[in-house]
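# Okay, predicted coordinates and the sequence, questions at the end:
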Amino acid sequence: MAGFQARLKLVAVFLLALLFGSIALADDANVSWAQLNGDQRKVLNPLASEWDTLRPWQREKMLDIARDYPKMSPSKQELVQMRLTNWSRMTPYERENARKRHQQFQSLSPEKKNELRQKWIEYQKLPESRREKLRTESPDTYSDADLE
């Protein structure tokens, strides 16, 4: 019986840790731009003007990016900065379309994803004049979205 009570106490402590951990995450997600530390502001600077209007789940995701940023390679950091800058320049409509395309892409089989990535690489190798012509002829098929 003593072993059972000890295990029960461990489970209770674990559940409390989970509960308080999720409360801390929720509080982190409600942090204002002014409350971010200098490193977080540096990474998330492209979102500075809109930070206080982001939804809690969006802030939490961005804070995760800022937390992981120092561990990234310089090329990955550059990619993150480019994507944050591009995202900050999008209209709400463009963002919603980007989310939908991303979800569609994520639902594809690994083979189909690789096929699309290869086509994207081939498209990027084309001269700009040819890419412009393709975008004009088929705007739904050819856009400059990131497929990485």
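Noted; the coordinates are in hand.

# Can you pull the poorly scored residue ranges out of this structure?
1-28, 142-148 (pLDDT under 70).

# Apart from its neighbours in sequence, what residue is nearest residue 40?
residue 66 (4.5 Å; CB to CB, 6 or more residues apart in numbering). In this view, the C-beta of every residue, glycine as well, is placed from N, C-alpha and C.

# Correct me if wrong: that neighbour contacts residue 39.
Yes. When contacts are counted by CB atoms under 8 Å, residue 66 is listed as touching residue 39 (7.0 Å).

# More neighbours: those two, which one.
Higher neighbour count among residue 66 and residue 39: residue 66, with 19 against 12, using other CB atoms under 10 Å.

# in what helix or strand does the more buried one lie?
helix 56-68 (DSSP states H and E).

# Need the contact partners of the helix or strand that that helix is followed by.
Using DSSP H and E, the helix or strand that follows helix 56-68 in sequence is helix 74-89. Helix 74-89 is contacted by residues 43-44, 46-47, 49-50, 65, 69, 72, 95, 98, 146, 148 when judged by CB atoms under 8 Å, 6 or more residues apart in numbering.

# same thing but at 7 Å, please
44, 46-47, 50, 65, 69, 72, 95, 146 (CB atoms under 7 Å, 6 or more residues apart in numbering).

# All good on my end, thank you.
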